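In: the following block contains a protein sequence and its predicted model.
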Amino acid sequence: MSQPTSQPTFPFAPQPPLTATASYQALEEHAVEAEDWQLRSLFAADAGRFPGLTVDAAGLFLDYSKNRLDARTMALLTALARERGVEAQRDAMFAGARINTTENRAVLHTALRAPRASALVVDGQDVSADVHAVLERVRAFTEAVRGGAWLGHSGKPITDIVNIGIGGSDLGPKMVCLALRQYAHPRLAMHFVSNVDGHDMDAALARVDPETTLFIVASKTFTTTETMMNAQTARAWFLQHAPESALARHFVAVSTNTEAIRQFGIDPANMFPFWDWVGGRYSVWSAIGLSVALCVGFGYFQDLLAGAHAMDTHFKEAPLEQNMPALLALVGFWNRQFLGCGSVSIAPYHQDLSRFPAYLQQLDMESNGKRVTKSGAPVDTPTCPVIWGDCGTNGQHAYFQLLHQGTDVTPIDFIAALRPAHEYANHHAALLANCFAQSEAFMKGKTLDEVRADLQAQGLSLANIERLAPHKTFPGNRPSNTILMEYLTPYTLGALIALYEHKTFVQGVLWDVNSFDQWGVELGKVLAKRIESELTGSALPELHDSSTNGLIAMAKAAV
Ligand code: G6Q
């Protein structure tokens with residue numbers, strides 16, 4: 001890629017405010033009509049609702065029928081997507097246009113999972129050739145480490161991999177290694193250190209042996225404070241046990257910054273590069289996925305890429321009406337804009353996806369947690385909802401209470417595999433039963449009359465029935481999506497991640513925000529630098545407010 005120039009080359013004219021568009025106004029009118037809709041009635045009135053509001057793609061199945069919408073709602077939403085230029089902007093992203101306007105960068109994570117034959121050339125640079133050259137190096141390295149040809153300095157095979165990175169250089173690799181633990185190499189234990197909190201590094205170092213540990217310093221910029229401090233600490237720890245000449249067998253780096261890697265003391269031959277057009281939270285497909293490739297092997301890493309590519313192809317080619325990422329985005333947009341839902345809960349009914357909600361939290365909230373449009377004007381509607389969640393069935397015994405009976409309506413994405421990777425068939429039946437029962441319960445609820453009838457059948461007195469019935473009533477009519485796959489495999493996981501990436505992209509286009517920058521993380525970093533020097537130096541904190549001054553004084557007194 002050529003260096004960014006000062007002038008963005010994004011080819012689209014500024015968008016009108018969302019609320020000024022004809023299709024948004026049509027949706028506002030429709031939302032008034034839809035206000036009293038009950039999901040129970042929508043299902044009762046239409047036997048074809050399930051086949052009509054479901055879609056298959058890339059090994060995934062999406063059921064969005066348990067949302068408070070109908071075919072007309074979807075037609076209006078797809079009209080809005082067209083009016084906002086979703087298809088043209090999608091094509092611009094795939095072609096390498098600099099759609100990240102505030103950083104003047106292309107957004108090409110899709111090129112990382114495209115076959116070599118796709119031959120994508122951007123600004124005269126053969127992107128596909130660059131991507132596949134690095135993939136070849138990842139293949140050779142992972143085969144050497146996994147096969148035992150790559151030895152530690154004292155001649156022993158590697159047993160532990162410590163990935164040092166944060167944010168996009170941590171969340172993706174960590175989530176994927178956990179999700180694909182069934183495919184992991186039996187000799188290799190994976191560790192992830194991200195937090196600048198020394199407890200994180202301390203816990204990892206306590207579990208590994210310097211003779212058989214490989215550290216991967218994963219940082220796009222190679223300047224991130226947390227990662228640099230963790231990498232220095234790991235290096236110093238390692239050098240307490242081994243000579244400097246041993247570093248090359250135990251430290252590799254993944255970055256775009258060769259010079260900083262050289263200065264750190266890692267041999268550039270042990271550096272796996274990527275490019276400025278890979279955003280941190282979209283980087284698991286790049287060499288940032290080195291820990292994944294080491295864990296599951298290059299073949300399965302390629303399957304992960306292939307699943308994502310299959311979803312890319314679907315996203316690029318399917319009409320919006322049958323386009324899974326677009327539909328997921330439009331349904332979420334409807335819930336956010338017209339039902340006023342301020343948060344979305346992610347509920348994987350698969351223990352190995354336990355880190356998936358945290359991964360999506362960054363993907364969605366760092367991408368679309370914005371309040372100005374691409375041209376800098378305030379967005380005239382709410383944008384990204386809060387994303388949170390945890391595994392089913394655990395969540396059912398904790399916060400599902402609020403989801404069922406609380407005052408806020410929170411849409412839920414249920415995610416499950418139809419077949420397990422274990423042999424405990426009774427567990428799997430119970431798991432799926434809970435998943436489907438929850439979405440049914442959120443949809444149907446339980447009316448006051450139904451509760452009364454139940455209590456009466458149990459023989460309660462009238463007084464007790466009236467006392468208890470309001471507490472046992474469920475309003476229902478609460479929206480959810482269900483995403484199913486046959487098995488959780490590298491391929492279906494790749495498709496699932498890409499599904500949410502493109503969903504995020506489509507919503508960003510609807511709101512007209514730049515989904516690919518993250519200026520909101522900067523201010524705290526700058527202030528932390530200043531406070532760190534006050535904590536470690538002798539300077540008295542005088543520049544802050546009384547709260548911050550007081551807290552700094554307490555920390556200094558505790559030293
Ligand atoms: C993601 C963000 C952010 C980034 C981290 C780590 O999109 O940009 O989470 O990944 O701040 O950055 P480095 O990889 O440069 O250390």
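Out: Sure thing, it's come through.
In: ends of stretch 329-347, how far apart?
Out: 17 Å (C-alpha to C-alpha, to the nearest Å).
In: check the most centrally placed residue in the chain and give its pLDDT.
Out: Nearest to the mean C-alpha position of the chain, by C-alpha atoms, centre = their mean, lies L360 at 2.7 Å. We have a pLDDT of 98 for L360.
In: how many other residues sit next to E259?
Out: Neighbour count of E259, defined by other C-beta atoms under 10 Å: 10. Every residue, glycine included, has its C-beta placed from N, CA and C.
In: and the next element down the chain from whichever strand or helix holds it?
Out: When elements are assigned from DSSP states H and E, E259 belongs to helix 258-264. The C-terminal neighbour of helix 258-264 among helices and strands, as given by DSSP H and E, is strand 271-273.
In: quick check: mean pLDDT of that following strand?
Out: Rounded mean pLDDT across strand 271-273 is 96.
In: could you do stretch 156-171 as well?
Out: Stretch 156-171 comes out at a mean pLDDT of 98.
In: for stretch 408-415, same thing?
Out: 98.
In: now do the buried residues in it.
Out: By 16 or more other C-beta atoms under 10 Å, the buried positions in stretch 408-415 come out as V409, T410, P411, I412, D413, F414, I415.
In: picking up where we left off before, residue contacts, the residue nearest to the centre of the chain?
Out: I346, I387, G389, Y500 (C-beta atoms under 8 Å, 6 or more residues apart in numbering).
In: same thing but 7 Å
Out: I346, I387, Y500 (C-beta atoms under 7 Å, 6 or more residues apart in numbering).
In: which SS class is it?
Out: Classification of L360 using DSSP: H, G, I helix; E, B strand; the rest coil returns helix.
In: now, the buried residues of stretch 408-415 that are in strands?
Out: I412, D413, F414, I415 (DSSP state E).
In: so which bits of the stretch 451-559 of the chain are right by the ligand?
Out: Q518 (C-beta under 6 Å from any ligand atom).
In: would you list every one of the helices in the stretch 451-559 of the chain?
Out: 462-472, 490-511, 522-536, 546-558 (DSSP state H, counting those that start in this stretch).
In: please apply the same query to the stretch 51-200 of the chain.
Out: Counting by DSSP H, counting those that start in this stretch, the helices of the stretch 51-200 of the chain are 71-83, 86-95, 127-147, 171-179, 198-205.
In: OK, contacts around the residue in the stretch 451-559 of the chain that the ligand sits nearest to?
Out: The minimum distance from the stretch 451-559 of the chain to the ligand, using C-beta to the nearest ligand atom, falls at Q518 (5.1 Å). By C-beta under 7 Å, 6+ apart, Q518 lies in contact with E366.
In: quick check: phi and psi on it?
Out: phi -160, psi 50 (degrees, to the nearest 10).
In: can you pull the pLDDT of it?
Out: Model confidence at Q518 (pLDDT) stands at 96.
In: if I look at it, how far off is A260?
Out: 20 Å (C-beta to C-beta, to the nearest Å).
In: for the buried residues of stretch 408-415, work out which two are farthest apart.
Out: V409 and I415 (19.9 Å; C-beta to C-beta).
In: quick one on the thing from earlier: ok, the buried residues of stretch 408-415 vs V32, which is closest?
Out: V409 (17.3 Å).
In: residue contacts, the one residue in the stretch 201-350 of the chain that gets nearest to the ligand?
Out: Nearest to the ligand in the stretch 201-350 of the chain, going by C-beta to the nearest ligand atom, is G280, at a distance of 2.3 Å. G280 makes contact with G167, G168, S169, K220 under the criterion C-beta under 7 Å, 6+ apart.
In: now with 8 Å, please.
Out: G167, G168, S169, K220, Q518.
In: now the two most distant members of those.
Out: Among the contacts of G280, S169 and Q518 lie farthest apart (C-beta to C-beta), at 13.2 Å.
In: for the lowest-mean-pLDDT helix or strand in the chain, the distance to its chain's centre please.
Out: Least confident helix or strand of the chain, by mean pLDDT, DSSP states H and E, is helix 522-536 with a mean of 89. Here helix 522-536 shows a centroid-to-chain-centroid distance of 28 Å under the convention C-alpha atoms, centre = their mean, to the nearest Å.
In: quick one: buried residues of it?
Out: Those would be I531, E534, for helix 522-536 by 16+ other C-beta under 10 Å.
In: could you dump that helix to PDB, C-alpha only?
Out: Taking C-alpha atoms only, helix 522-536 is exported to PDB below (Å, rounded to 0.1, in the frame of the first residue of the first chain):
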ATOM      1  CA  GLU A 522      -7.000   8.400  23.100                       C
ATOM      2  CA  LEU A 523      -7.800  11.000  25.900                       C
ATOM      3  CA  GLY A 524      -7.500   8.500  28.800                       C
ATOM      4  CA  LYS A 525      -4.100   7.300  27.400                       C
ATOM      5  CA  VAL A 526      -2.700  10.800  27.300                       C
ATOM      6  CA  LEU A 527      -3.900  11.600  30.900                       C
ATOM      7  CA  ALA A 528      -2.600   8.200  32.100                       C
ATOM      8  CA  LYS A 529       0.900   9.100  30.900                       C
ATOM      9  CA  ARG A 530       0.900  12.300  32.800                       C
ATOM     10  CA  ILE A 531      -0.500  10.700  36.000                       C
ATOM     11  CA  GLU A 532       2.000   7.900  35.700                       C
ATOM     12  CA  SER A 533       4.900  10.400  35.800                       C
ATOM     13  CA  GLU A 534       3.400  12.000  38.800                       C
ATOM     14  CA  LEU A 535       3.000   8.600  40.600                       C
ATOM     15  CA  THR A 536       6.500   7.500  39.900                       C
END
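In: quick one: distance of stretch 282-292 to the chain centre.
Out: The answer for stretch 282-292 is 13 Å, by C-alpha atoms, centre = their mean.
In: how about the residue in the stretch 301-450 of the chain that the ligand sits nearest to, what does it touch?
Out: Nearest residue of the stretch 301-450 of the chain to the ligand, counting by C-beta to the nearest ligand atom: E366, 5.6 Å away. If a contact means C-beta under 8 Å, 6+ apart, then E366 has R281, Q518, G520, V521 as its contacts.
In: mind checking how far Q15 is from A206?
Out: 53 Å.
In: swap in W388?
Out: 31 Å.
In: specify which residue of those two has the higher count of neighbours.
Out: W388 (16 against 7).
In: wait, is the more buried one part of a strand?
Out: Yes: under three-state DSSP, W388 falls within a strand.
In: which parts of the stretch 351-500 of the chain are strands?
Out: Ranges of strands in the stretch 351-500 of the chain, per DSSP state E, counting those that start in this stretch, are 386-389, 412-417, 480-485.
In: show me which residues of the stretch 101-250 of the chain are close to the ligand?
Out: I166, G167, G168, S169, S219, K220, T221, T224, T227.
In: narrow those to those that are buried.
Out: I166, G167, G168, S169, S219, K220, T224, T227.
In: looking at those residues, spot the one nearest F298.
Out: Nearest member of those to F298, counting by C-beta to C-beta, is S169, at 19.9 Å.
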